[in-house]
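Visitor: when you get a sec, could you give me coordinates for this:
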Amino acid sequence: MFEHRQDKMHNLLKSNAEFRAIYNRHQELDKRVTAAEEGSQPMDDLTLNQLKKRKLQAKDQLARLMSVGNA
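Guide: Numbers count the residues shown, from 1 in each chain. Got it, this is the predicted structure:
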């Protein structure tokens with residue numbers, strides 16, 4: 001995620017509590033989605049789709065925070 005902006009992401013993780021909390025939530029959702037897709041955590045399609053939507057929302061929030069000051 002955000003491979004081309006690693007330095008900015010690293011700095012925000014160290015200095016911005018909101019960014020760090022959203023990043024951690026995104027990572028947790030990613031783990032749950034991956035586990036469901038691999039079959040190690042059974043989950044119905046509706047729940048999986050809801051998790052994916054929440055994960056995307058977190059990613060969008062991270063992107064917005066990373067773009068602040070870059071306009």
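
Visitor: would you map the helices across this structure?
Guide: For the chain, helices defined by DSSP state H occupy the ranges 6-15, 17-38, 45-67.

Visitor: what are the contacting residues of the shortest one?
Guide: Taking Cβ atoms under 8 Å, 6 or more residues apart in numbering as the criterion, the residues outside helix 6-15 that touch it are 1-2, 19-20, 23, 62, 65-66. Glycine gets a C-beta too; all of them are placed from N, C-alpha and C.

Visitor: quick check on the residues you listed: which are buried?
Guide: 19, 23, 62, 65-66 (16 or more other Cβ atoms under 10 Å).

Visitor: just flag the most distant two among the residues you listed.
Guide: Largest separation among the buried ones among the contacts of helix 6-15 by Cβ to Cβ: 23 and 66, giving 10.3 Å.

Visitor: how close does the residue lying closest to residue 61 once chain neighbours are set aside get to residue 38?
Guide: In space, residue 61 comes closest to residue 22 once its chain neighbours are excluded; the distance is 5.1 Å by Cβ to Cβ, 6 or more residues apart in numbering. Distance from residue 22 to residue 38, counting by Cβ to Cβ, to the nearest Å: 24 Å.

Visitor: between the two, who's got more neighbours?
Guide: Using other Cβ atoms under 10 Å as the criterion, residue 22 and residue 38 rank with residue 22 on top: 20 against 8.

Visitor: pick out the residue closest to the middle of the protein.
Guide: With distances taken as Cα atoms, centre = their mean, the residue of the chain nearest its centroid is residue 26 (2.7 Å).

Visitor: how near is that one to residue 52?
Guide: Counting by Cβ to Cβ, the gap from residue 26 to residue 52 is 12 Å.
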